[in-house]
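S.K.: Based on what follows, work out the 3D shape:
(one chain, ligands or ions: 2)
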Amino acid sequence: MSLTKNPNVNKWVDEMIALTKPSKVVWIDGSKEQLDALIEEVVALPDDSRDKLYRLNDEKLPGCLYHRTLPNDVARVEDRTFICTRNKEDAGPTNNWCDPKEMYAKLTPLYDGVMQGRTMYVIPYSMGPIGSPLAKVGVELTDSIYVVLNMNIMTRMGVAAFENLGDTSDDFVRGLHSKADVDPENRYIVHFPEDNTIWSINSAYGGNVLLGKKCFALRIASFQGKNEGWMAEHMLILGLKRPGKETKYICAAFPSACGKTNLAMLIPPEGYRKDGYEVFTVGDDIAWLKPGEDGRLYAINPENGFFGVAPGTNAKSNFNALECTKKNTIFTNVAINNDDMTVWWEGLDKNPPENATEWKGAKVNGKEFTAEGNKLAHPNSRFTAPAENCPCISPEFNNPKGVPVSAIIFGGRRAATTPLVYQSFDWTHGTYVGSAVSSETTAAATGAVGVLRHDPMAMKPFCGYHMGDYWAHWLEMGEKLGDKAPKIFNVNWFKQDENGNFIWPGFGDNMRVLDWIIKRCENEIDADETAIGYLPKKSDINVSGIEDEVTPEIMDKLLAVDKDLWLKEVAEMRDFYKQFGDRLPAALSAELDKLEARLG
Ligand code: OXD
Ligand code: MN
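M.R.: Ligands and ions are numbered 1, 2, ... in the order given. The predicted structure is shown next:
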């Protein structure tokens, strides 16, 4: 029975029932009883069922579950992800496009009767704290209990979302998901921004099926934000508390797999901790940003959990993330230690379990298996963990107003060119810096060193409209915010020496850079004006405790601006900008000209 009187919701759900023809429809109220019953149902399935979940060790991992997806279905599929706007130009050169009418016509037969013999779950959810003026409601229809259980962690799921929507509003995102046959040939992740609609079919992997996350909170929301005067960004949000001072908030955008979760949950180095510095996590992946009543930019994390990459997570690299996964967490495609039903992944420790099940489901001797060079966990295996588990979760996490943002940071993996940190001259220059975000492939990853992948604002896979219009929106937001706009910075944790060794320790020591950034925002210190922006005076990056590693010579390298490399960068950016044609804001090409002129 429907859980809402809202006729817009009910009409759409009825239409989708008529299309997909489920044998049963269950409306998700979010109650513990209902969720417990769903868990009972999936753990009772036979081992060979695709939908099977396993309970993990009740003492060591209370409330935790385990699931494996099919080997062909382990990651987001960018080549099968579409933005369907009526006008092709509006999707822009960085998105796959198809005419919405054509796409509906192509997908309708795939959905026709797809839920016969299955149950449709109707999931109401809120992205953002219930009742927040920045929050938005979505409804996801799915034939997967795994999706329901993950959405319960990642969003505020349940009947309260319908109460928030009200009985008449049409402002909700319509998400239709069916795992269908998990057929990669017919896998589609499709966005109709003009219809507030997402259709996802033939996948059961998180990033493709938890429609509140990348699909809604970035692709659809970026489009909504442009039309409604706010921004949806691929950014972590953290609070930095200095002794005796007010907590300041920083948002940071890095391409996928550049350490957003690690930075969001950073533990300051010992010296800083002793002095009373603290870092609080508001979000690790997505920020919704809107000017507040006082004219400053405020951020909320629309999510309610972390969908983190497991491999590489350990007590040293990210103690807090590991803590998040100790209860009520869903693990996907990691390995199992059959002796005690706990989980393992590469980089957790040096002790792969002997009695293991690897991520595809084969029972193996984990020690021998890994010694032969095999991976026990899939490199993109994940944990879905509730935000409330995070030891350093911000006290403002549920604040409906969000948190005021002092600084925005961009960054990528760059072996050379980009210094450890620099500050843009102003918002427009900062928008240029964001548009130039790119990562270099490393020898270890691809065999080809120095191949640049552009990922403007880390939004290339997630911007739901033309990237040129998106930059124009950034510039408009800057005008609106005026002198209350956050300061914009760029960081590079990945600078290397001639032998390919990283020269900055990273992880907790990134605190030293955040410290400089906040001091700049608070006008506490000067900086050196260079061609590319404001750089720290060497003595202003605190290296106490790491002097042996970061010597003055290394600091020189970290902060170097090599004119020839930067002129190459300018040429590269000119080339990159060409594809955006007349939708490239003139202010950005002017920034490029100015940068070139400053480089002389
Ligand atoms: C993610 C991603 O999963 O960016 O957050 O790929
Ligand atoms: Mn991400």
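S.K.: and residue 331, what does it touch?
M.R.: Residue 331 makes contacts with 56, 64, 65, 66, 67, 310, 325, 343, 381, 382, 383, 384, as judged by Cβ atoms under 8 Å, 6 or more residues apart in numbering. Heads up, the C-betas are built off the backbone N, CA and C, glycines and all.
S.K.: Let me know how buried the second one is, in neighbour terms.
M.R.: The reference is to residue 64. By other Cβ atoms under 10 Å, the residues close to residue 64 number 23.
S.K.: picking up where we left off before, okay, and which of the contacts of residue 331 map to helices?
M.R.: Among those, DSSP state H puts none in helices.
S.K.: Of the residues you listed, select the buried ones using a PyMOL command.
M.R.: Of the contacts of residue 331, the buried ones go into a single PyMOL selection, burial set by 16 or more other Cβ atoms under 10 Å:
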select buried, resi 56+64+65+66+67+310+325+343+381+382+383+384
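S.K.: Reformat the contacts of residue 331 as a markdown table; add pLDDT and distance to ligand 2.
M.R.: Shown next, in a markdown table, are those (pLDDT from 0 to 100; distance: Cβ to the ion, whole Å):
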| residue | pLDDT | distance to ligand 2 |
| --- | --- | --- |
| 56 | 98 | 25 |
| 64 | 98 | 23 |
| 65 | 98 | 22 |
| 66 | 98 | 23 |
| 67 | 98 | 20 |
| 310 | 96 | 15 |
| 325 | 98 | 18 |
| 343 | 98 | 22 |
| 381 | 96 | 15 |
| 382 | 96 | 11 |
| 383 | 98 | 14 |
| 384 | 98 | 14 |
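S.K.: Just the contacts of residue 331: which are in strands?
M.R.: If you go by DSSP state E, the contacts of residue 331 have 65, 66, 67, 343, 382, 383, 384 in strands.
S.K.: Contact residues of the stretch 301-450 of the chain facing ligand 1?
M.R.: Counting by Cβ under 6 Å from any ligand atom, the stretch 301-450 of the chain comes close to ligand 1 at residue 307.
S.K.: residue boundaries of the helices in the stretch 351-500 of the chain?
M.R.: Counting by DSSP state H, counting those that start in this stretch, the stretch 351-500 of the chain has helices at residues 366-371, 427-435, 443-446, 467-481.
S.K.: okay, the ones you listed in TSV with mean neighbour count and mean pLDDT next?
M.R.: Output for the helices of the stretch 351-500 of the chain, formatted as TSV (neighbours: other Cβ atoms under 10 Å; pLDDT from 0 to 100):
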stretch	mean neighbour count	mean pLDDT
helix 366-371	16	98
helix 427-435	24	98
helix 443-446	10	46
helix 467-481	19	98
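S.K.: nearest to ligand 2, of those helices?
M.R.: Smallest distance to ligand 2 across these (Cβ to the ion): 15.8 Å, for helix 427-435.
S.K.: now that closest one against helix 467-481, angle please.
M.R.: 150 degrees (axes from the mean of the first three to the mean of the last three Cα atoms, to 10 degrees).
S.K.: for helix 427-435, packing partners?
M.R.: Applying 3 or more Cβ pairs under 8 Å, 6 or more residues apart in numbering; DSSP states H and E, one finds that helix 427-435 makes contact with strand 403-411, helix 467-481, strand 487-491, helix 586-599.
S.K.: which one of the ones in strands among the contacts of residue 331 sits closest to ligand 1?
M.R.: Comparing these against ligand 1 with Cβ to the nearest ligand atom places residue 382 closest, at 7.8 Å.
S.K.: and the closest residue to that closest one other than its chain neighbours, how many neighbours?
M.R.: Leaving aside its chain neighbours, residue 382 sits nearest to residue 332 (4.8 Å; criterion: Cβ to Cβ, 6 or more residues apart in numbering). Residue 332: 26 surrounding residues under other Cβ under 10 Å.
S.K.: Quick check: the gap between residue 61 and residue 118.
M.R.: From residue 61 over to residue 118 the distance is 29 Å, taken as Cβ to Cβ, to the nearest Å.
S.K.: Then residue 259?
M.R.: 39 Å.
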